[in-house]
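1. could you work out the structure for the sequence below:
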Amino acid sequence: MTTSDHREFTGKVMLITGGARNIGRALALEMAAAGAAVCVNSRGSADELDAIVGEIRASGGRAMKFVCDVTDAAAARAMAEAVTDAFGRIDMLVNGAVVHVVKPFLEITPEEWRKTISVVLDGAFHCTQACLPAMLEAGGGSVINMGGAAGHLPLWQRAPTSAAKAGLAGFTRALAQEFAGHNINVNCVAPGPVNTQRSTPLTFDMKQIPSGRFAEIGEVTAMIRLLCGASGRYITGQTIHVNGGFYMNN
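-> Predicted structure coming up:
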């Protein structure tokens with residue numbers, strides 16, 4: 001990055017759902033350092049959101065939190081309204097809220113299936129529908145849907161996540177086609193295994209990754225920044241895999 005584009009997002013506003021930790025947290029800090037005002041969202045994790053907001057404000061940036069369940073359409077609308085009230089606009093939305101169910105298919109309950117689909121797909125629907133009017137008013141914007149390898153590879157015992165993430169890819173293409181003429185680009189960023197904090201260790205055969213390592217969080221956030229920035233305006237409707245060759249498009 002050159003000195004001239006260090007603050008390329010000055011005056012812009014980003015909303016990140018599922019932003020309390022890992023990729024969401026890193027992205028919030030990075031975008032704030034690049035000049036954007038940031039709203040971080042989580043269904044819980046209020047203390048972690050407070051820590052992110054406090055760190056950004058301590059560095060002279062603008063940030064806020066909004067605790068809500070993205071599966072609630074009214075809550076998503078209230079969140080978008082709160083962001084526009086605080087910062088005057090919304091330019092970028094990152095749909096990162098997710099839940100993971102790792103179980104044999106015959107043991108998955110209807111409630112677990114519905115919850116995964118609801119958080120990932122319904123959440124993206126509600127938040128995007130809530131934020132798009134502000135982007136249209138601002139004259140353009142970017143929507144990033146956080147996909148994953150599970151939507152493209154048959155990962156073991158992850159049927160709900162695979163279905164939800166595959167749905168995000170289709171949702172991305174539909175929105176990209178509809179809103180390209182309004183200067184709104186919509187893309188899906190699909191990381192493979194990433195070096196993140198986990199409650200349980202991730203067992204993985206590194207031989208499946210041609211690059212021989214997990215992604216660093218900054219390699220994922222760099223792609224999101226590209227797609228939201230001036231250099232990424234002509235990229236839309238794409239699922240972009242950040243995975244070291246773990247999955248390759250045809």
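2. use CA for all of it now, contacts and neighbours both
-> Noted.
3. now G218, what's its secondary structure?
-> helix (DSSP: H, G, I helix; E, B strand; the rest coil).
4. wait, it sits on A28?
-> No - the pair G218 / A28 is not scored as a contact, 11.6 Å apart, by Cα atoms under 8 Å.
5. neighbour count for the two, which is higher?
-> A28 (27 against 15; other Cα atoms under 10 Å).
6. with adjacent residues omitted, what lies nearest to that one?
-> V38 (6.3 Å; Cα to Cα, 6 or more residues apart in numbering).
7. now do the host helix or strand of the one you found: everything it contacts.
-> Element membership for V38, per DSSP states H and E: strand 37-42. Applying Cα atoms under 8 Å, 6 or more residues apart in numbering, the set of residues contacting strand 37-42 from outside is 10-20, 24-25, 28, 31-32, 49, 53, 61-69, 83, 87, 97.
8. repeat that for stretch 62-73.
-> Residues contacting stretch 62-73 (Cα under 8 Å, 6+ apart): 17, 32, 36-44, 46, 49-50, 53, 56-57, 75-76, 79, 97, 118-119, 122-124, 126-127.
9. ends of that stretch, what's the gap?
-> Using Cα to Cα, to the nearest Å, the end-to-end distance of stretch 62-73 comes out at 26 Å.
10. V143 looks like it's in a strand, true?
-> Yes - assessed with three-state DSSP, V143 lies in a strand.
11. burial count for it?
-> Neighbour tally, V143, other Cα under 10 Å: 29.
12. same check on the one 10 residues further on?
-> Residues within reach of L153, counting by other Cα under 10 Å, total 12.
13. and the one 5 residues further on, by the same measure?
-> Look at R158: counted by other Cα under 10 Å, it has 18 neighbours.
14. and the lengthiest strand in the chain, what does it pack against?
-> The single longest strand within the chain, with elements called by DSSP state E, is strand 184-191. Here strand 184-191 touches strand 141-146, helix 159-179, helix 217-228, strand 239-242, going by 3 or more Cα pairs under 8 Å, 6 or more residues apart in numbering; DSSP states H and E.
15. can you tell me which of the ones you listed is most buried?
-> Most buried of these, by mean neighbour count (mean count of other Cα atoms under 10 Å): strand 141-146, with a mean of 27.
16. next, the angle from that strand to helix 159-179.
-> Per axes from the mean of the first three to the mean of the last three Cα atoms, to 10 degrees, the angle that strand 141-146 makes with helix 159-179 is 160 degrees.
17. what's strand 141-146 packed up against?
-> Going by 3+ Cα pairs under 8 Å, 6+ apart, strand 141-146 lies up against strand 92-95, helix 123-138, helix 159-179, strand 184-191, helix 217-228.
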